[in-house]
Structures are given as C-alpha cells and as structure tokens.
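Peer 1: Fold the following for me, if possible:
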Amino acid sequence: MGFTIASVMPAKKPAQNAFGKRLVALRQQRGLTQVQLAKATGMTQRAISYYETEAELPASAALITLAKVLEVSADELLGLKQPKPGKAELRTPDPETERLWKRFQRMASLAERDQRAVIRLINSLSTTNGSGRTAVEARS
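Peer 2: Predicted coordinates for the structure are as follows:
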C-alpha cells in the first residue's frame, strides 16, 4: 500500500470566506504575493494560503500583524469598516507595469553594490536632457 506524489501543483483554491476574500484583495492591491506577505509578517506561505482559503479568522496576533503589514486597521481587515484607499489602491497596474514592478522587486536580492549600479543605470536612462526628452529618446 504505497502512496503517489502528484507531478503537478494542485489548482489554486478560491477564497471560501469573506475574510479570505478581503485578505486576497488587500494583498493583491499592495502588489504582494503570498510568499512576500508571509516573509513580511514572519508567517509561512502555507499560513497565508490557509487564511485566504480555509480559516474563518486568524488568531488575534496574526490579525494584528497582517493589518500592520497591509497598512489597514484590524477593523478594515475584518470587514467592520471600509478600507481607506491607499497608495497601492490608487494605481491601476496594467500587465506590463505589473511585470516590470515584479522584476524591480527582485533587485532586493542583489548585493548592495549591484543595487546601486542598477539605480545608476535607471537614472542615466531616464534623465532628461535640455530638450525635455530622455537620454534614450534623444538617441533614437
């Protein structure tokens, strides 16, 4: 009597409860993955997934931590108050912007020297010359 391991990841489960739906929405509005939210809160990705799909409500300590990281009040996270629009909610990322943002976030894993080099490169490419055009536009 053996067991087999599936060769593919299971399908994503949609949020099953109101709290889970709010948590997913707030996390996505902030541009965070479950892994990033888990790291920011000191939880595991599995715990975040559980709160989003299975659990009715997290423990009070987890709720407070999630609210702080997501920059909302516990009342807003629990659905007792409407969330105030934050910086992340005001932007409407298109797929290209989202892709670029995710690439930019990967910079955090680079050495500090390499991060500075990337910033210098971005600055040099986006600096405008006297004509109001960026250096890249002026070259083309």
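Peer 1: which SS state does the residue nearest the centre of the chain fall under?
Peer 2: Nearest to the geometric centre of the chain sits L32, at 0.9 Å (CA atoms, centre = their mean). For L32, the assignment made with DSSP: H, G, I helix; E, B strand; the rest coil gives coil.
Peer 1: what's the single longest helix in the protein?
Peer 2: The longest helix of the chain (DSSP state H) is helix 112-126.
Peer 1: R22 sits in which helix or strand?
Peer 2: helix 18-29 (DSSP states H and E).
Peer 1: following the lowest-mean-pLDDT helix or strand in the chain, which helix or strand shows up next?
Peer 2: Between all helices and strands in the chain, the lowest mean by mean pLDDT, DSSP states H and E belongs to helix 87-90, at a mean of 48. Next in sequence after helix 87-90, counting helices and strands by DSSP H and E, comes helix 95-105.
Peer 1: can I see the domain layout of the chain?
Peer 2: Listed domain ranges for the chain are 18-90, 95-139 (source: automatic domain parsing).
Peer 1: most neighbours per residue, which of the ones you listed?
Peer 2: domain 18-90 (a mean of 16; mean count of other CB atoms under 10 Å). No exception for glycine: its C-beta is placed from N, CA and C like everyone else's.
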